[in-house]
Structures are given as C-alpha cells and as structure tokens.
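Visitor: here is my input, please return the structure:
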Amino acid sequence: MQEFYSIAQTKVIFNKKERKKLWELAKKRSTDIDLQDLKTKCPALEYQIQKSFEYGSNIQPAVFSECVYAQTLANMLKLDLFINCTNEPDFIPSQVVSLINSYNLVPRYVYSTKDKRRMLIQAGGSGGIDSALITVIDLVIYTIEFKEPGAKTSEPDLPKYGEDGKLIVTKKFLADYPQFEAMLDEQKDLNFFENIGHNICNFSSNSINLAVFNNYTKKYADVICTEDRNGSFVMMPANQVQLWAKLEGEIRPSGRNRYKVWTPGAFGRLMLQYAPNINGTTIRLEKSKLEMRRERGGGGKISGFKITPLFFVYAKDCQDDGKYITFDMDDVWQLNPTIAGKMFFKTLKYEEVKSYYKKLF
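Guide: Model (predicted):
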C-alpha cells in the first residue's frame, strides 16, 4: 500500500467504456480490433481474445478488467517482462510455484523484472485469489484481488431445494462457504417456488459485511484493486472494503449453472399454465407463450426457451413448427440457485483513498 501510493496517480490502461467496446468487438469476432497494438499494450488480453477467436467462445467481461488491471499494476511497478505460462510453464522458479500453490493459485501470466527478482503473477480459477505480487529474493508475497467498480465477491451454487421449494442449508455448504452463514440464517424460511423471477436482496448490513469480509479472509487476499469514478487505479486493504464500497447481498433462484430436472413434480405443476400436450415423456407447448433465451454475444440468436425462469430447454433439442415446440422431458434443464455478496465502488475517489491511508504509513 505504501509503495503503491508513493507512485504517481495512474489511469487504468483501458477504462470501462474502452473495455466494453473491445468486448463487443471480440464477441462479434471483429477484424476491427488492432491485435498487434493490443499485444503491445496488454498482451494478456490480446492472448485471451485470440484464444476466444480460435475456440469460438466468448470472454467474460471480468477477464477483460483483470488483464487490464494486472497490466496497469505491472506498468506502475516497472515489471516490463511479460510471460505467458502456457508457452513458458517453467519460467516461475520452483520455490515460488510451491508457495503460490499453497494459495490455490494457478498461474496464467507473469509480469516480471528481467532479473526475475520480482513478479506479479496473474492467476485463473475461482478457488483462489486473482494475483500475487512476489519478491522472489525472500519469498515475500502480497495477494491481490482485482475487482470492477461493480462486482460480486463470489457466487457459489446453493444446495438443491426439494419438491417443496424450501431453502436447504447443509453442513458441507457451510463448511465450504462459512461467510454466507449469517445471510442464509436470515432467509431460513425462503421458498424458491414462491420467488420465481425475483432475486432475494433483503439482508441485514451485518450479514452482508460478514459475507464480504470473510470471503477475502478465506481466500487470503491482502488487498483489492479497482478503478475509481474517473478511471484511476486504486488499492485498499481487503478487510476494509466496507469503508469504500456499497455492499449488497443476493440470492438468485435462477443461477448460472444448470442441471437435469431434480424436482419433476414441481416442473409438472408449473408447466400446467401453458396447457401442455403430453404424450409419455414428449411435451408440446405453444411457442408464443414462452420466453426465449438468446446466446451471449451471439448476435441475438435464439438458444432456447424458458419454461418459467427456473426451467428451460435448448432450441437444438426441440422440434419447432413455428407455432409449437416439441421436446422430451429428459431434455429439460433446471437452474440452480446461487448466493453472493456484491460491492459497488461507483463513487470511489482515488484522492480520498490515498489521503486516508497516507496518514497510516
């Protein structure tokens, strides 16, 4: 922190508006992206975009910001050597690899001094922190989370509810995610079928603070880096994020992960509103009554049909005659609920954060 704020105030190399423009172009596989220029300015992001073009996948916006934030910090610390761990897996010294493995870090990119005495290691995966700044000579490590001005701390799947739709909290879940215990205790009577299409956000400030604070204690993050309202790069202790961010909590009945239907009885009851035609396991529904799912970044192409916000079927698994869709019960998917802590740095100002911590140095 002291070193960070001794360096001149620095803008992130691409602000949110510029990142969004790049992201939109990347989704379209556009040739308007100057990849050579991008490789000079932010080689990790250039590689991610090239990889997305090669595999036909879309990059999450958070990956854009992570690459940009890591490069910005590397520039500030004069870490001029960039290494892609995919191409040079043995660049990191073995003792450093052992150290970062203990933090659940999986290295993707390294920003280093040419003598390898100091490295910023950018990592992937949801189980650990984002990056680690390491002084190799004495194995001092500072762990870093990169977060956009509006971000979730983490968003795990909740245990699956039963046919009655009631929230289930298992001992295993609390052992894996103890930071959410207070939030879940406040929603112990939650019924997901009674909250279809609505996220649950009524949590006390105390339970939300515990979820955010304990999340970073669990992940061993020392500091959080983000950008302020004017695009300046900012750093703060992870255990003091509540001083600078507006914190919120959220349970999403329709989360991001889908599984084969585990409450077939409830699915049958909810489907009755569409007056289905059922023959064995084959189901026919009037298409106009259903909400369409569209591919992310796919130019609006229809990818599936929602049968209530909790259940859906992929378009590729349907017979579509224009008026009706016909599909097999075994092809229906159910979305699992998730829980998350959220933080928003929308009013953050670099000068205020620096002034606050400068008094403590």
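Visitor: now do the helices in the stretch 151-300 of the chain.
Guide: 171-176, 181-185, 205-218, 264-271 (DSSP state H, counting those that start in this stretch).
Visitor: possible to save those as a markdown table with mean neighbour count?
Guide: Placement of C-beta: from N, CA and C, glycine included. Below are the helices of the stretch 151-300 of the chain laid out as a markdown table (neighbours: other C-beta atoms under 10 Å):
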| stretch | mean neighbour count |
| --- | --- |
| helix 171-176 | 11 |
| helix 181-185 | 17 |
| helix 205-218 | 19 |
| helix 264-271 | 15 |
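Visitor: which of the ones you listed comes out lowest on mean pLDDT?
Guide: Among the helices of the stretch 151-300 of the chain, helix 205-218 has the lowest mean pLDDT, at a mean of 82.
Visitor: ok so, going back, now distance to residue 326 too, for the helices of the stretch 151-300 of the chain, in TSV please.
Guide: Output for the helices of the stretch 151-300 of the chain, formatted as TSV (distance: least, C-beta to C-beta, whole Å):
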stretch	distance to residue 326
helix 171-176	38
helix 181-185	40
helix 205-218	44
helix 264-271	14
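Visitor: these: which one's closest to residue 19?
Guide: Nearest to residue 19 among the helices of the stretch 151-300 of the chain is helix 205-218 (23.8 Å), distances taken as C-beta to C-beta.
Visitor: how far out from the middle of the chain is the closest one?
Guide: 17 Å (C-alpha atoms, centre = their mean, to the nearest Å).
Visitor: check contacts around residue 78.
Guide: Counting by C-beta atoms under 8 Å, 6 or more residues apart in numbering, residue 78 touches residue 113.
Visitor: which among the helices of the stretch 151-300 of the chain is found nearest to residue 63?
Guide: Once the helices of the stretch 151-300 of the chain are compared by C-beta to C-beta, helix 205-218 is nearest, at 19.7 Å.
Visitor: who does that closest one touch, helix- and strand-wise?
Guide: With contacts defined as 3 or more C-beta pairs under 8 Å, 6 or more residues apart in numbering; DSSP states H and E, the packing partners of helix 205-218 are strand 150-154, helix 181-185, strand 246-252, strand 338-344.
Visitor: what's the lengthiest helix in the chain packed up against?
Guide: The longest helix of the chain (DSSP state H) is helix 61-76. Packing partners of helix 61-76 (3+ C-beta pairs under 8 Å, 6+ apart): helix 16-27, helix 43-55, strand 106-112, strand 118-124, strand 131-135, strand 140-146, strand 223-227, strand 233-237.
Visitor: got a markdown table for the ones you listed, with mean neighbour count too?
Guide: Below are the helices and strands packed on helix 61-76 laid out as a markdown table (neighbours: other C-beta under 10 Å):
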| stretch | mean neighbour count |
| --- | --- |
| helix 16-27 | 16 |
| helix 43-55 | 17 |
| strand 106-112 | 22 |
| strand 118-124 | 22 |
| strand 131-135 | 22 |
| strand 140-146 | 20 |
| strand 223-227 | 23 |
| strand 233-237 | 21 |
